[in-house]
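Asker: One predicted model, sequence on top.
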Amino acid sequence: MAKYLFVYHGGSMAATDEERQEAMARWGAWFGELGSAVVDAGAPFAGTQTVGGDAGPNPATGYSVIEASSLDDALAKAQGSPVIASGGTVEVGECIDVSM
């Protein structure tokens, strides 16, 4: 199994405590569905900036590390992310082991 980095972009933040609790419940349910594939549930970001290149504004809003059998498997797992339901996207990339 390879590890894949899920980088979350966009999505909306909950405005009330009740909405935040509902959002956390959705994330918890999704991670529960993924089960042992979750290597690192990750965390949301307080803010990001891009350094170098001509990157346009598409700030990362959080990350997770998931195990999957292939890129297609990782993409299928990413489809259930609550960030997508709130208008965001998930960037998926395989983590390459470069042990020295």
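Answerer: Here it is on my side, so go on.

Asker: where does the chain have low pLDDT?
Answerer: Scanning the chain for pLDDT under 70 picks out the ranges 55-56.

Asker: Which parts of it are helices?
Answerer: 17-34, 71-78, 82-85 (DSSP state H).

Asker: Let me have those helices in TSV, extended by mean neighbour count and distance to residue 10.
Answerer: Where you see a C-beta, it was placed from the backbone N, CA and C, and this is true even at glycine. Shown next, in TSV, are the helices of the chain (neighbours: other Cβ atoms under 10 Å; distance: least, Cβ to Cβ, whole Å):
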stretch	mean neighbour count	distance to residue 10
helix 17-34	13	14
helix 71-78	16	14
helix 82-85	18	7
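
Asker: As JSON lines, those with distance to residue 49 would be great.
Answerer: Below are the helices of the chain laid out as JSON lines (distance: least, Cβ to Cβ, whole Å):
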{"stretch": "helix 17-34", "distance to residue 49": "25"}
{"stretch": "helix 71-78", "distance to residue 49": "24"}
{"stretch": "helix 82-85", "distance to residue 49": "20"}
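
Asker: just so I know, which of these lies nearest residue 57?
Answerer: Of all the helices of the chain, helix 82-85 sits nearest to residue 57, with 17.0 Å by Cβ to Cβ.

Asker: that older thread, right, so of the helices of the chain, which gets closest to residue 1?
Answerer: Among the helices of the chain, helix 71-78 sits nearest to residue 1 (Cβ to Cβ), with 9.0 Å.

Asker: burial of residue 49, as a residue count?
Answerer: 6 (other Cβ atoms under 10 Å).

Asker: got a list of what it touches?
Answerer: Neighbouring residues of residue 49 by Cβ atoms under 8 Å, 6 or more residues apart in numbering: residue 59.

Asker: Out of the helices of the chain, which gets nearest to residue 5?
Answerer: That would be helix 71-78 among the helices of the chain, by Cβ to Cβ, at 9.3 Å.

Asker: Please work out which residues outside that closest one touch it.
Answerer: 2, 4, 6, 34, 37, 66, 68, 84, 90, 92, 94.
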